[in-house]
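K.L.:
quick one, structure for this:
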Amino acid sequence: MAAPVVQIRDLYRSFGALVAVRNVSFDIERGAIFGLLGPNGSGKSTIIRMLCGVLAPSDGTAIVLGHDVTREPEAVKQRIGYMSQSFSLYGDLTVAENLDFYGRIYGIRGDRLRQRIAFLLELTQLTDRVDQLAATLSGGWKQRLALACSLIHEPELLFLDEPTAGIDPVARRQLWDLLFELAASGVTLLVTTHYMDEAERCSHVGYLYQSQLLTVGRPQTLKELPAVTPDGAKRLEVATGDATEDLQRLRAMTGVRDATLFGQTIHALVDESLSTAELATALGLASEDSCREIAPSLEDVFVTLTAAAQTAPEDLKAFDIARDTPREREVFPAADAVVPERSTQRRSRDGGFAAILIKEFAHIRRQRSTIFFMFVVPVLQILIFGYAIDMQVEHIPTVVYDLDGREDARFLTEAFVNTRIFDIAQRVHDEASFRAALASGEAKVGLRIPPDYSERLLRGQQVAVQVLIDGSDSQVASTAQRSSQMLGTRLAIEMARRKGEAIAEGPARDSTGHLALPLEVRPRLLYNPALESSHFFVPGLVGIILQLVTLFLTAFAIVRERENGTLEQLFVTPVGRLGLMLGKLVPYAIVGMVETLIVLAVMVFLFQVPIRGSIPLLLSLSLIFLVCSLGLGLLVSTLAQTQTEALQFAFIIMLPSILLSGFVFPRSEMPLPIYLVTFAIPVTYFLEILRGIVLRGAEFVHLIPYVAGLLICCFAILGISVARFRKQLG
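P.N.:
Sure, this is the predicted structure:
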């Protein structure tokens with residue numbers, strides 16, 4: 001006799017202290033429609049996930065199509081189909097694109113793929129909806145599409161987790177008609193359901209309650225169990241005018257063991273000694289014909305089972321005879337005793353990379369918000385940061401209180417203005433107004449010139465000029481303090497030089513014979529002589545923006561699939577882990593390189609920041625950084641379970657990347673512990689590479705330390721991400 005398609009022995013699964021499946025055992029024969037029933041939380045979905053190889057059992061053994069799901073999960077996935085409890089296909093792909101994607105995942109190509117798609121479209125009556133987006137389908141049509149995708153590779157065993165939940169009765173019936181056709185063609189089905197009428201359609205059923213399998217067998221066999229209709233009892237259907245009111249009266253009658261509503265009638269379990277005439281008289285029914293004896297339903301079976309499990313677990317032994325196809329074996333069939341695949345079509349071995357790649361580009365093409373985020377937002381960011389952020393502090397509002405009022409005092413005021421650091425916002429004539437301008441914030445600097453300023457200069461005496469600075473903005477205050485001191489020193493030296501010329505004495509003379517200071521310092525600025533802030537910020541922005549976009553897009557793309565259930569659907573397929581990861585990352589790497597070109601073009605042509613070094617070298621090293629950023633996104637996706645968590649993790653990564661990488665503040669000025677932390681931030685090295693190539697024209701040999709640091713970060717991040725990214729749920 002052929003080995004069962006599914007063999008389960010003492011299957012056990014716990015999540016910490018919670019036991020989801022407890023010592024479950026059953027077999028499923030080839031061609032059967034096996035219904036797994038039970039209330040929510042009883043363990044139905046957990047059993048299916050273990051049998052599909054996406055959730056490892058805590059204990060016990062499960063053999064599916066001759067393969068142990070614990071040791072050979074990928075071999076199982078090649079030969080099964082899976083339809084999840086909720087719609088888990090891609091809503092922004094069309095019907096045809098979803099089918100094409102899943103066909104490619106299973107390695108089906110060319111004419112064979114086109115034939116399978118055409119056949120399934122006709123089977124599920126989706127031919128007229130081939131170009132319709134999946135998200136716009138109604139519930140019943142979505143389930144048809146999900147069924148078609150699960151059948152694309154001609155599976156021998158099909159798992160359907162509550163396939164008719166949430167769809168109308170007509171769609172339910174039509175879907176079951178399709179399932180009967182599949183069973184007739186030799187496909188074995190395992191179906192979970194809440195509906196008793198669907199359970200009646202199964203060739204075998206098993207009932208789970210609180211993680212335990214209470215019974216398993218053919219529906220008719222279960223109905224005939226003595227424990228369902230005990231000796232000395234019978235089941236009646238009572239048609240009454242007011243079922244709700246009569247139910248309470250019926251339950252209170254002597255000889256009535258149980259009663260429950262069943263539509264507009266009452267189903268009751270009563271003593272055999274209680275006649276229908278007595279029952280009709282007690283309820284005030286017109287005729288005893290309103291009461292008739294009926295056979296038990298599956299609902300009666302499961303209600304009895306549940307009551308026994310709650311009140312008298314020992315009574316469950318009466319249901320052991322329900323196992324009408326016992327196949328207790330000491331040893332399971334060998335794992336290599338597999339049935340040949342139904343299709344001899346040679347399938348691709350690319351691990352699903354091409355299918356994932358094509359699907360991701362389809363997502364990118366259809367999601368306008370993603371396109372906006374990828375291409376428009378980076379340009380907006382570089383424009384805002386490039387224009388709005390300027391580390392040069394100029395035009396500080398200044399209030400002047402001139403108590404002297406003569407030419408020398410006016411010359412001093414003009415000298416402050418000529419620095420371009422100070423702007424005269426007010427001129428006041430009393431101390432109260434002077435103090436008020438500073439206190440109100442209308443002026444950040446106050447210049448007070450004493451009344452004897454000119455007289456003391458004429459007499460050759462030192463004179464003090466007071467400069468009051470608002471310290472609430474440290475950057476403005478430090479600039480004002482430094483600039484006023486430098487201006488005072490310069491004016492003092494100029495005055496000393498003029499006085500020395502007047503008396504024909506001095507410490508030194510220049511080449512023209514004029515008096516001069518003994519030492520002349522002539523500073524010269526390299527690379528950015530005009531001290532333009534854009535030349536410093538914009539190259540750094542390239543790195544910050546690239547990490548921001550690639551990190552967020554990659555993390556959200558994977559976490560979104562986990563939330564929508566599509567990632568679990570992929571886990572059931574034979575797509576390889578490497579193919580899944582590369583298929584996800586490569587499209588965003590290509591997008592990232594396009595963004596790099598866009599941002600660099602904006603930098604060169606709009607902000608007039610020339611690239612002094614090698615462009616090929618810059619692009620090559622940018623690609624390494626992109627891979628590193630994509631790895632960060634992948635790492636976030638392994639840590640976050642929801643898009644909200646992904647957003648939080650992404651911000652945790654971005655904050656130190658902006659504040660500690662040297663983008664805004666010099667790393668050399670940071671405390672030693674924080675300075676050491678900066679070496680673990682990838683963008684730290686990329687900023688040095690960018691500024692080196694763009695501003696200084698640095699060659700590769702000059703950048704070796706930064707390239708080495710970036711590579712170390714890249715390998716470390718990718719290694720951790722790949723190690724954490726598993727094709728299982730827990």
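K.L.:
what number of residues lie near L639?
P.N.:
When neighbours are counted by other C-beta atoms under 10 Å, L639 registers 15. C-beta: built from backbone N, CA, C; applies to glycine.
K.L.:
with adjacent residues omitted, what lies nearest to it?
P.N.:
F649 (5.6 Å; C-beta to C-beta, 6 or more residues apart in numbering).
K.L.:
against L718, how distant is that neighbour?
P.N.:
17 Å (C-beta to C-beta, to the nearest Å).
K.L.:
related to what we said a few turns ago, for the residue nearest to L639, what is the enclosing helix or strand?
P.N.:
Here F649, judged by DSSP states H and E, is contained in helix 643-659.
K.L.:
helices and strands around that helix, which ones?
P.N.:
helix 533-564, helix 615-639 (3 or more C-beta pairs under 8 Å, 6 or more residues apart in numbering; DSSP states H and E).
K.L.:
so it versus helix 533-564, what angle?
P.N.:
For helix 643-659 against helix 533-564, the angle by axes from the mean of the first three to the mean of the last three C-alpha atoms, to 10 degrees is 160 degrees.
K.L.:
buried ones in helix 643-659, by neighbour count?
P.N.:
A646, L647, F649, A650, I653, M654, P656, S657, I658 (16 or more other C-beta atoms under 10 Å).
K.L.:
of those, which is the nearest to S484?
P.N.:
Using C-beta to C-beta, the shortest approach to S484 within these belongs to I658, at 32.0 Å.
K.L.:
who's in contact with that closest one?
P.N.:
I658 is in contact with I544, V664, counting by C-beta atoms under 8 Å, 6 or more residues apart in numbering.
K.L.:
and it, what pLDDT?
P.N.:
With respect to pLDDT, I658 scores 83.
K.L.:
and if you look at A199?
P.N.:
87.
K.L.:
again with A32
P.N.:
For A32, the model assigns a pLDDT of 91.
K.L.:
that one and L179, how far apart?
P.N.:
Taking C-beta to C-beta, one finds A32 at 12 Å from L179.
K.L.:
which residues are common contacts for those two?
P.N.:
By C-beta under 8 Å, 6+ apart, the residues touching both A32 and L179 are L189.
K.L.:
for the helices and strands packed on helix 643-659, which one sits closest to I674?
P.N.:
Of these, nearest to I674 by C-beta to C-beta is helix 533-564, at 18.5 Å.
K.L.:
angle of the closest one against helix 615-639?
P.N.:
Using the same axes, to 10 degrees: helix 533-564 against helix 615-639 is 40 degrees.
K.L.:
CA atoms only: put the helix or strand following helix 533-564 into PDB for me.
P.N.:
Downstream of helix 533-564, the first helix or strand assigned by DSSP H and E is helix 566-571. Extracted C-alpha coordinates of helix 566-571, given in PDB (Å, rounded to 0.1, in the frame of the first residue of the first chain):
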ATOM      1  CA  THR A 566       3.500  38.000   1.400                       C
ATOM      2  CA  LEU A 567       6.800  37.200   3.000                       C
ATOM      3  CA  GLU A 568       5.400  34.100   4.600                       C
ATOM      4  CA  GLN A 569       3.900  33.100   1.300                       C
ATOM      5  CA  LEU A 570       7.500  33.400  -0.200                       C
ATOM      6  CA  PHE A 571       8.900  31.300   2.600                       C
END
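K.L.:
hang on, the earlier thing: pull the helix holding F649 out as CSV, backbone CA atoms only.
P.N.:
Provided in CSV are the C-alpha atoms of helix 643-659 (Å, rounded to 0.1, in the frame of the first residue of the first chain):
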residue,chain,number,x,y,z
GLN,A,643,6.8,49.3,9.6
THR,A,644,6.5,51.5,12.7
GLU,A,645,9.4,49.6,14.3
ALA,A,646,11.4,49.8,11.1
LEU,A,647,10.9,53.6,11.1
GLN,A,648,12.2,53.8,14.7
PHE,A,649,15.2,51.6,14.0
ALA,A,650,16.1,53.6,10.9
PHE,A,651,16.0,56.8,12.9
ILE,A,652,18.2,55.3,15.5
ILE,A,653,20.8,54.5,12.8
MET,A,654,20.4,57.9,11.0
LEU,A,655,20.9,60.1,14.0
PRO,A,656,24.5,59.1,14.8
SER,A,657,25.2,59.0,11.1
ILE,A,658,24.4,62.7,10.8
LEU,A,659,25.7,64.0,14.2
